[in-house]
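Asks: please find the sequence and the predicted model below.
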Amino acid sequence: MNPDKIRNVLNILFLILALASIIVYIVARDDFKLFIYVCGAAIFVKLMEFFIRFTNR
């Protein structure tokens, strides 16, 4: 698969997870662990995209 397509998919997934983390923060204020997990997943996806961007030059 083309690295640019993989990066695009990872960016879309990151944006979805970032939006989900904001929604979880607003809706489930009592369950802060869930917010941390969703944010951690979003950061992990963004780091994967970051490494793909700079290793495929």
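Replies: Yes, it's here. Numbers count the residues shown, from 1 in each chain.

Asks: can you give me the helices for the protein?
Replies: Taking DSSP state H as the criterion, the chain contains helices spanning 3-27, 32-55.

Asks: turn these into CSV, including mean pLDDT and mean neighbour count.
Replies: Quick note: C-beta positions are derived from backbone N, CA and C, even for glycine. Below are the helices of the chain laid out as CSV (pLDDT from 0 to 100; neighbours: other Cβ atoms under 10 Å):
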stretch, mean pLDDT, mean neighbour count
helix 3-27, 94, 14
helix 32-55, 94, 14
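
Asks: quick one: contacts of stretch 12-24?
Replies: 31, 34-35, 38-39, 41-42, 45-46, 49 (Cβ atoms under 8 Å, 6 or more residues apart in numbering).

Asks: and if you look at stretch 48-57?
Replies: Applying Cβ under 8 Å, 6+ apart, the contact partners of stretch 48-57 are 3, 6-7, 10-11, 14.

Asks: leaving out the residues flanking it, which one is nearest to the residue positioned nearest the centre of the chain?
Replies: Centrality entry for the chain: nearest residue to the mean C-alpha point is residue 42, 2.4 Å, by Cα atoms, centre = their mean. Counting by Cβ to Cβ, 6 or more residues apart in numbering, the nearest residue to residue 42 once its immediate chain neighbours are dropped is residue 17, at 3.6 Å.

Asks: next one: that neighbour from residue 43, what distance?
Replies: Going from residue 17 to residue 43 by Cβ to Cβ, to the nearest Å gives 9 Å.

Asks: and if you look at residue 56?
Replies: 21 Å.

Asks: and what of residue 28?
Replies: 19 Å.

Asks: per-residue pLDDT, residue 56?
Replies: Per-residue pLDDT puts residue 56 at 76.

Asks: how many other residues sit next to it?
Replies: Other residues near residue 56 come to 11 when the count uses other Cβ atoms under 10 Å.

Asks: mind checking the end-to-end distance for stretch 27-35?
Replies: Stretch 27-35 has its terminal residues 10 Å apart, counting by Cα to Cα, to the nearest Å.
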